[in-house]
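> just need the structure, nothing else, for what follows:
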Amino acid sequence: VKAAYGAVLCRSGALAAWLRVRPGRRHPWILNYHHIEPQAFEGHLRALARHYRIVTLDACCEHLAGGAPLAPNSVVLTFDDGYRQLCGQLFPLLERYGAPATVFVPTDPVDTREPLWFNRVKTLVRTTAAAALSAGGQEFPLGPDREAAYVAVMRHLNRQSVAARDAMLRELLGGVELPADRLERYEPLTWAEMRASPSPGSYGGHTRSHPRLSRLPRAEAEAEIRGSKERLEEMLGVPVRHFAYPFGGPDSFTGETVELVRAAGFTSAVTTARGACRQGGSLYRLPRILCDGSVGGSVVAARLSGLWLFVTT
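Numbering: from 1, shown residues only. Predicted coordinates:
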């Protein structure tokens, strides 16, 4: 039903007509991707390129700060976590459609060549034959609902300092050989791939190891934030201006975190709060819309237009 409704809007001309007059057409959207299959992503790009203007995050922030205006119905594409899938599968599509994107990269996985810690934990929880896992003196039963077990483990790990979390990860993952076919999806980009990508300047900070910054002491949070910027600039040789809070929800950063991001030299920071961007709002709390391959491009285009609200509650 969703796909049919989106297709009717796109093909009938109703969406195009609405986008010319819709009240919010001057407020840009920032879209947030992580991992998406190429065929699904091309469908998104096709619909977005037809009905919206895909602009850089730099241009969006300049507009929000009171600078040059953006074209109506502008969208920004962002990717979190820096998966290697981008290089082989998604960058060619972005080039084909002339679509800029910003990729937020945690730097430690690029250096260690290991997938992000929570992806390794997720793989362990989903594949182990053990009846329970233990970390930091706490036991986590693994019943039929492995997703609930994963959430419980993550909640516990995210309460820790970086050092305590890493010690618990060694306890959980030490001596365990995780299935390579499950981890392939989470393989990080390499520095060489980033330097050779269509726009090496389109990378942003995402901390060093992807912790929940709101739970860290100030010194640790600062090291994670500033360290990611310095490492990216050292390895890519270009300024790094934008930042994404790991996890991105309102409980994942604080006012102090925002000040640390600003003090590190970033000019903006994105969250996972839903909404369009508006002039006068904080450039360090920019909202984004989460996107994945579960719906087609026509559905994404319809949702962003606001017409989706007429048939959903």
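> can you verify residue 16 is assigned to a helix?
Yes: counting by DSSP: H, G, I helix; E, B strand; the rest coil, residue 16 is found in a helix.
> OK, contacts around the nearest residue to it once chain neighbours are set aside?
In space, and not counting its chain neighbours, residue 16 is closest to residue 51: 6.5 Å by CB to CB, 6 or more residues apart in numbering. Glycine gets a C-beta too; all of them are placed from N, C-alpha and C. Counting by CB atoms under 8 Å, 6 or more residues apart in numbering, residue 51 touches 10, 15-16, 19, 73, 301, 305.
> again, but for residue 72
19-20, 25-26, 53.
> cross those residues against helices and list the overlap.
When DSSP state H defines the helices, the subset of these inside them is 19-20.
> save the contacts of residue 72 as a markdown table, and put in neighbour count, distance to residue 166 and pLDDT too.
Output for those, formatted as a markdown table (neighbours: other CB atoms under 10 Å; distance: CB to CB, whole Å; pLDDT from 0 to 100):
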| residue | neighbour count | distance to residue 166 | pLDDT |
| --- | --- | --- | --- |
| 19 | 18 | 48 | 96 |
| 20 | 10 | 53 | 95 |
| 25 | 19 | 47 | 94 |
| 26 | 16 | 45 | 94 |
| 53 | 14 | 43 | 97 |
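> okay if I get the contacts of residue 72 as TSV plus distance to residue 258?
TSV is the format used below for the contacts of residue 72 (distance: CB to CB, whole Å):
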residue	distance to residue 258
19	33
20	36
25	29
26	25
53	29
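> what's the closest of the contacts of residue 72 to residue 279?
residue 26 (8.5 Å; CB to CB).
> and residue 135, how many neighbours?
Around residue 135 there are 21 other residues, counting by other CB atoms under 10 Å.
> and the lengthiest helix in the chain, what's buried?
Assignment by DSSP H gives helix 218-236 as the longest helix of the chain. Residues 221-232, 235-236 are the ones in helix 218-236 that count as buried (16 or more other CB atoms under 10 Å).
> before we move on, what about stretch 6-20?
Under the neighbour-count criterion of 16+ other CB under 10 Å, stretch 6-20 has 6-7, 9-10, 15-16, 18-19 buried.
> relative to residue 174, which of those residues is nearest.
residue 6 (47.5 Å).
> spit out the contact partners of the closest residue to the closest one other than its chain neighbours.
Closest residue to residue 6 apart from its sequence neighbours, by CB to CB, 6+ apart: residue 298 at 3.4 Å. Shown in contact with residue 298 (CB under 8 Å, 6+ apart): 3, 6-7, 9-10, 43, 47.
> tell me the two of those that are most distant?
9 and 43 (14.9 Å).
> what's the angle from the host helix or strand of residue 164 to helix 218-236?
Residue 164 belongs to helix 162-173 when assigned by DSSP states H and E. Between the axes of helix 162-173 and helix 218-236, defined by axes from the mean of the first three to the mean of the last three CA atoms, to 10 degrees, the angle is 80 degrees.
> tell me the helices and strands packed up against helix 162-173.
Judged by 3 or more CB pairs under 8 Å, 6 or more residues apart in numbering; DSSP states H and E, the packing partners of helix 162-173 are helix 117-127, strand 132-135, helix 146-157.
> any chance of TSV for the buried residues of stretch 6-20, columns distance to residue 209?
Formatted as TSV, these follow (distance: CB to CB, whole Å):
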residue	distance to residue 209
6	38
7	42
9	42
10	41
15	42
16	45
18	44
19	41
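> find the residue at the geometric middle of this protein.
Centroid-nearest residue in the chain: residue 80, 2.8 Å away (criterion: CA atoms, centre = their mean).
> my read is that that one contacts residue 31, right?
No: judged on CB atoms under 8 Å, residue 80 makes no contact with residue 31 at a distance of 11.1 Å.
> what segments of the stretch 151-300 of the chain are strands?
Ranges of strands in the stretch 151-300 of the chain, per DSSP state E, counting those that start in this stretch, are 203-205, 242-244, 268-270, 289-290.
> could you export those strands as TSV, including distance to residue 133?
Output for these, formatted as TSV (distance: least, CB to CB, whole Å):
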stretch	distance to residue 133
strand 203-205	31
strand 242-244	29
strand 268-270	33
strand 289-290	28
